[in-house]
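Novice: here you go, sequence then predicted model.
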Amino acid sequence: MPWRAVKLIAVLWHQGENDSRNGNYKEYYEKFDKITEALRKELDASDVPLIIGGLGDYLGKSGFGLSCPEYAQVNQELLRYAKDRENCYYVTGKGLYPNPDGIHINAESQRRFGIRYFEAYRTKSNITEPFMDEQRTVENLSNREHTISEKRYMALEQFSSGKISFDEVMKQLS
């Protein structure tokens with residue numbers, strides 16, 4: 001396949017939870033600034049929107065998430081950073097749900113987060129509250145007919161996990 005030029009249209013950043021304990025959030029703003037400035041310079045992407053995902057408000061409550069009691073302070077720093085910088089937008093992690101581990105967001109929440117990320121990109125604004133119709137939007141997107149590419153991917157996934165035979169995958173790919 002010949003090389004095609006790609007155009008970077010946005011950078012999505014989802015902060016991990018490691019800075020949400022032991023007062024680490026106090027240094028987060030400066031550390032984040034160094035990382036993002038280096039990234040923008042390396043990618044020559046000073047004008048590309050940087051969309052920052054906040055931590056979920058389920059942290060600090062169960063499982064491995066218990067080790068993240070200062071998630072709200074990290075989110076405050078991320079929002080402050082977005083407000084201080086041009087072409088930088090914050091997306092809330094409020095109202096999302098974790099996997100059973102209590103630390104990572106589940107599949108439905110990833111979809112909701114994606115809707116929020118897109119809206120921040122589309123409107124060039126911070127998204128500080130969940131949308132009223134997120135659940136319905138996720139359902140509509142999930143219940144639509146899959147594209148040919150999606151069907152091919154799902155067939156290959158079924159084949160690679162041993163759920164269908166090679167002949168069955170070839171039939172679905174044709």
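Specialist: Happy to help now that I have it. Numbers count the residues shown, from 1 in each chain.
Novice: secondary structure element for I52?
Specialist: Under the criterion of DSSP states H and E, I52 resides in strand 50-56.
Novice: so who does Y71 touch?
Specialist: Y71 is in contact with 17, 20, 55-57, 59-60, counting by CB atoms under 8 Å, 6 or more residues apart in numbering. Where C-beta positions appear, they are placed from N, C-alpha and C, glycine not excepted.
Novice: let's see that with 6 Å instead.
Specialist: 20, 55, 59 (CB atoms under 6 Å, 6 or more residues apart in numbering).
Novice: closest one to S125 out of the residues you listed, please.
Specialist: S125 lies nearest to L55 out of the contacts of Y71, by CB to CB, at 19.8 Å.
Novice: any idea which helix or strand of the chain has the worst average confidence?
Specialist: helix 134-143 (a mean of 83; mean pLDDT, DSSP states H and E).
Novice: so how far is the first residue of stretch 153-170 from its last?
Specialist: In stretch 153-170, first residue to last residue: 12 Å (CA to CA, to the nearest Å).
Novice: low-confidence ranges in the protein?
Specialist: 1-4 (pLDDT under 70).
Novice: pretty sure V11 is touching L50, no?
Specialist: Yes. If you go by CB atoms under 6 Å, V11 and L50 touch, sitting 5.0 Å apart.
Novice: compare those two (neighbour count), which wins?
Specialist: L50 (20 against 16; other CB atoms under 10 Å).
Novice: residue contacts, that one?
Specialist: Neighbouring residues of L50 by CB under 6 Å, 6+ apart: 11, 88.
Novice: against R80, how distant is it?
Specialist: Distance, L50 to R80, by CB to CB, to the nearest Å: 14 Å.
Novice: same deal with E119?
Specialist: As judged by CB to CB, E119 and R80 stand 20 Å apart.
Novice: what's the answer for S160, then?
Specialist: When distance is defined by CB to CB, S160 is 44 Å away from R80.
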